[in-house]
Each structure stands twice: as structure tokens, then as C-alpha cells.
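Trainee: what's the 3D shape of this:
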Amino acid sequence: MKETKFKHTEIGLIPEDWEVKKLGEVAHIEMGQSPSSENYNVSGIGLPLVQGNADIKNRKTIIRNYTSQITKKCIKGDIIMSVRAPVGEIAIASNDACIGRGVCAIRYSNKYLFHYLICIESTWSKHSTGSTFDSVNSDTIKNLEIPFPPIKEQTAIATALGDADALITALEKLIAKKKAIKQGAMQQLLKPKEGWVVKKLGEVGEIITGGTPPTLNKEYWNGNIPWITPTDITTDKNIYHSEREITFKGLSILRRIPKNSLLVTCIASIGKNAILRNDGACNQQINAIIPNINFNVDFLYYLMEFNRNILIGAAGITATLILSKKEFSEIEFSFPGTKEEQTRIAQILSDMDAEIEALEQKLEKQKQIKQGMMQVLLTGKIRLNHDAKGWQDAPDSSLNNHGNQVNRVNQG
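Mentor: Numbering: from 1, shown residues only. Have a look, this model is predicted:
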């Protein structure tokens, strides 16, 4: 790998063999123009209409409406950039389309520019003077200064980042597939069967509604005991800590909830649930189930997750949905006749969750790798060998073998 020499430019340091060019000098830019709404339709007459951010999803344009009046047009593969708040969101045109005034189309010979515009996406809000843009005009876009490597290196960079994107997309599809499989498994495993018994939640265990220690008493707060509120209950199954924690003195004036109890939200966002894995407490927006010896708390978690609609339906009809402790205790569900069967079902679903969680962690890692690649490749800090071997000779091993990883993921 030869040493890269850098030069000072109006946009900062770039490699000596790179050039700074205005976007309008190297790319065709088509500003959108909205057709009359009387020409909109959903029956496929004319072309798809791309109006703004609502027509962009996962870096691609989507079809919501068509228009029979074609004002300005993009072609499939063009870069689409939003020019109205939020300014700068980037996508690729999935189809030939009519573009409205909320976007512009940018046509360039390879995907280097697409990745570079993504890299600077967040800078539009403080472009030039640092003021917030509600919109940007044609001149601002055309005069945007961008560093351009030699064409072959542009292609190599685009290939590397495209492979990284492909791996991320493959992981996202695999996670969606695994979640669908889990949903199907829940339908089968949690469906009442011969030998199952109907129980009210009040018969499953003791039900506690939480409370809040006086917030002005410092002796109650900033301890290490979890005090759970609905915001602490996300998509995670297990809760060990909370955003705000209390002291032993704070716990002493509340109902203590032992570890391995189920927490279920009962006000507003009804039915979110999680398992408290440490002794603690909760606020008054949560009902806690302390299961008795005949019930498995992990099975209870999946039963509540799968039947959240039943919990919502049982809530009182008020301006804010409320599921009182009494109403909550009266809700009936079917349970396997033995705790052993509950445990077996819960273990199957827990294993599925563990697999999904591992894939989600891998996905997050790949997104971080992609971000790191963009930061070094689009600034010339790492140069790619742009001969016939493409980007394989990049000095950072994290840039290599993405194509093989994509194949392995797709086979999953």
C-alpha cells in the first residue's frame, strides 16, 4: 500500500489525486414540480409520484400514488434527494417516476455519489451558515462542493459500500423471517389444547399495582433498586435496571416486587410486558404478577405478548385507556395443565428470541462497520486498490469478504 499524500482544499484535506467539483458540474439535476392533485390516482394510470419523504423507505422510493400529469421525471436508478424539511434524505428511484416539488433527481454515472450524499445527509440542517433549512433550492444543490476520486476508485468505493449494504439488507430480511417463524410458533404453541385449564390472572399469582415515592425526598432516590415505569418496558423480555432507581428507604414505602415477576402496563399503552429479573418496584401505571409455584413466568410473558389485544379490549373506555387491577385480575386465559409443559413451551420461544437477538446484534455491528467504512473511504483515509480485483486489497480487514458473508446470511 503506497502512502497517500493530502492537499488542502475549500472543503478540507483530501488526497492529492482527488478533485473538488460542484455537483452541478458532474451530475444532471432535475428539480421536482408537483402535478395537479386532480390527476392523482391509485389505479396505475401514468407514472408513480414521488413527492417527498413519505415516498421514501429504506433508501428506496415506494409507490403510494400515481399521476397522469407528468411534470418532471426521474428514471429508475436516479438518486432522489428531499429538498423540503427534512432536507437531504437520500434514496434510489425504484421506478421511472414523476417527481414533485419536495424532491430532486440526481443522475450520475456510478453509486459513489449516492454513498457520499448519504454520508453528508445530516449536514444539510446546518449547511453553510449553520441555519436550519426548511427547503433548499436548485442553486444550493448545484453549487454543493464534493470530493471526487478517480473514476476507478469511485467504482471500487461504491462496490465496497454496496456489498456492505447487501449484507445489512440480507440480515434484515433474515431477522424478519425469524420473527415470522416465531409468530407462527406462538400461534401453535399458545393455542389452547386438550388438558389445558382456564384461569383468571388473579388465580395465577398475586397482583400488585405499583406506586411512586415522593420525588422531593432525596433519601428515596438515586439508589440501585429498579423502579420500573412504562418507558423502561421496551421490546426486551428481561429488565434488570431502570432509568430511575430508588434506595432501600424508597422501597420500604412501596410494595416490593420479587425478581421473576411479570410487569404489565395498565394505563395508556396497555399490555406492554417484561420480566423483572431483580427485586424492585414499579409505578402505578403497571400491574405486577407474582406467579405462584404452579406457573412459569416466562410462559406468562409470551402469553401476554401474544394476547395483548385481549388486554387492550378489557380496558375501560375512557379518554385514556385504563386497565384497573380488578379488571386485570378477572381476565381469563388457558394454561397447560402442568408447569413442566409451560416451561417447555417457554424454552422453545426463548431459544427463538435468543437467535433473533444475536442476529440483531450482528446487524447493529454491521451497520457500525458500514459507517466506519464510509468515514474512511469517502475521505481518502483508506485507499482502495482499484484494479480488476476491486476493493479486496483494502488494508482494513473489516472491509473484506462482505460478498461471502452476504451469501452465508441469505442461506440462513
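Trainee: Do I have it right that Arg101 meets Ser82?
Mentor: No. The pair Arg101 / Ser82 is not scored as a contact, 10.7 Å apart, by C-beta atoms under 8 Å. Placement of C-beta: from N, CA and C, glycine included.
Trainee: Quote the end-to-end distance of stretch 106-124.
Mentor: 16 Å (C-alpha to C-alpha, to the nearest Å).
Trainee: How far off centre is the host helix or strand of Glu172?
Mentor: Assigned by DSSP states H and E, Glu172 belongs to helix 151-189. In this view, helix 151-189 has its centroid 13 Å away from the chain centroid, taken as C-alpha atoms, centre = their mean, to the nearest Å.
Trainee: Run through the neighbouring helices and strands of that helix.
Mentor: Counting contacts by 3 or more C-beta pairs under 8 Å, 6 or more residues apart in numbering; DSSP states H and E, helix 151-189 packs against helix 112-119, helix 297-306, helix 339-377, helix 402-411.
Trainee: Mean neighbour count, mean pLDDT and distance to Val198 added to those, as a markdown table?
Mentor: Formatted as a markdown table, the helices and strands packed on helix 151-189 follow (neighbours: other C-beta atoms under 10 Å; pLDDT from 0 to 100; distance: least, C-beta to C-beta, whole Å):
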| stretch | mean neighbour count | mean pLDDT | distance to Val198 |
| --- | --- | --- | --- |
| helix 112-119 | 22 | 97 | 54 |
| helix 297-306 | 22 | 98 | 12 |
| helix 339-377 | 16 | 97 | 14 |
| helix 402-411 | 15 | 44 | 43 |
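Trainee: Need those helices in TSV (columns: distance to Lys73).
Mentor: Formatted as TSV, the helices and strands packed on helix 151-189 follow (distance: least, C-beta to C-beta, whole Å):
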stretch	distance to Lys73
helix 112-119	19
helix 297-306	47
helix 339-377	30
helix 402-411	33
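Trainee: quick one, which of those is nearest to Gly205?
Mentor: Among the helices and strands packed on helix 151-189, helix 297-306 comes nearest to Gly205, with 8.5 Å by C-beta to C-beta.
Trainee: contact partners of that closest one?
Mentor: Helix 297-306 is contacted from outside by 186-187, 190, 204, 237, 260-262, 264, 271, 273-275, 289, 291, 311, 333, 335-336, 342-343, 345-347, 349-350, using C-beta atoms under 8 Å, 6 or more residues apart in numbering.
Trainee: From these, list just the buried residues.
Mentor: 186, 190, 204, 237, 260-262, 264, 271, 273-275, 289, 291, 311, 333, 335-336, 342, 345-346, 349-350 (16 or more other C-beta atoms under 10 Å).
Trainee: can you give me the strands in the stretch 201-350 of the chain?
Mentor: For the stretch 201-350 of the chain, strands defined by DSSP state E, counting those that start in this stretch occupy the ranges 205-209, 221-228, 238-239, 245-246, 261-265, 273-276, 281-282, 286-291, 332-335.
Trainee: so which of those comes closest to Arg383?
Mentor: Taking C-beta to C-beta, strand 238-239 is the member of those nearest to Arg383, at 45.3 Å.
Trainee: partner strands of that closest one, parallel or antiparallel?
Mentor: In the sheet, strand 238-239 lines up against strand 273-276 (parallel) (DSSP bridges).
Trainee: what sits against the residue in the chain sticking out farthest from the centre?
Mentor: Ranked by distance from the centre of the chain (C-alpha atoms, centre = their mean), the top residue is Gly195, with 40.8 Å. Counting by C-beta under 8 Å, 6+ apart, Gly195 touches 336-337.
Trainee: Roughly how far does it sit from Gln188?
Mentor: 16 Å (C-beta to C-beta, to the nearest Å).
Trainee: what's the closest of the helices and strands packed on helix 151-189 to Arg256?
Mentor: helix 297-306 (16.4 Å).
Trainee: How far off centre is that closest one?
Mentor: Between the centre of helix 297-306 and the centre of its host chain there is 24 Å, according to C-alpha atoms, centre = their mean.
Trainee: any idea of the angle it forms with strand 205-209?
Mentor: Interaxial angle, helix 297-306 versus strand 205-209 (axes from the mean of the first three to the mean of the last three C-alpha atoms, to 10 degrees): 60 degrees.
Trainee: between helix 297-306 and helix 151-189, how many degrees?
Mentor: Angle of helix 297-306 versus helix 151-189, following the same axes, to 10 degrees, is 110 degrees.
Trainee: okay, the angle between helix 297-306 and strand 261-265?
Mentor: Inter-element angle recorded for helix 297-306 and strand 261-265: 20 degrees (by the same axes, to 10 degrees).
Trainee: follow-up on the earlier one: okay, Arg101 and Ser82: which has more neighbours?
Mentor: Legend: neighbour count by other C-beta atoms under 10 Å for Arg101 and Ser82, higher for Ser82 (26 against 17).
Trainee: Now for Ile275: which residues touch it?
Mentor: Counting by C-beta under 8 Å, 6+ apart, Ile275 touches 237-239, 260-263, 297-298, 301.
Trainee: what bridges to it?
Mentor: Bridge pairing for Ile275 - DSSP bridges - gives Asn238, Leu262.
Trainee: returning to what we had before: select, out of the helices and strands packed on helix 151-189, the one closest to Leu49.
Mentor: Nearest of those to Leu49, taken as C-beta to C-beta: helix 112-119 at 21.7 Å.
Trainee: helices or strands up against that closest one?
Mentor: Applying 3+ C-beta pairs under 8 Å, 6+ apart, one finds that helix 112-119 contacts strand 79-82, strand 90-92, strand 145-148, helix 151-189, helix 339-377.
Trainee: at 7 Å what do you get?
Mentor: Applying 3 or more C-beta pairs under 7 Å, 6 or more residues apart in numbering; DSSP states H and E, one finds that helix 112-119 makes contact with strand 79-82, strand 90-92, helix 151-189.
Trainee: From the rest of the structure, what touches the second one?
Mentor: If you take C-beta atoms under 7 Å, 6 or more residues apart in numbering as the criterion, strand 90-92 is touched by 56, 59-61, 77, 79-81, 114, 117-118, 121.
Trainee: give me that answer again for 8 Å
Mentor: 56, 59-61, 77-81, 114, 117-118, 121.
Trainee: go on, stretch 18-30?
Mentor: Against stretch 18-30 from outside (C-beta under 8 Å, 6+ apart): 9-11, 14, 72-74, 78, 99, 104-108, 113, 138, 141-150, 380.
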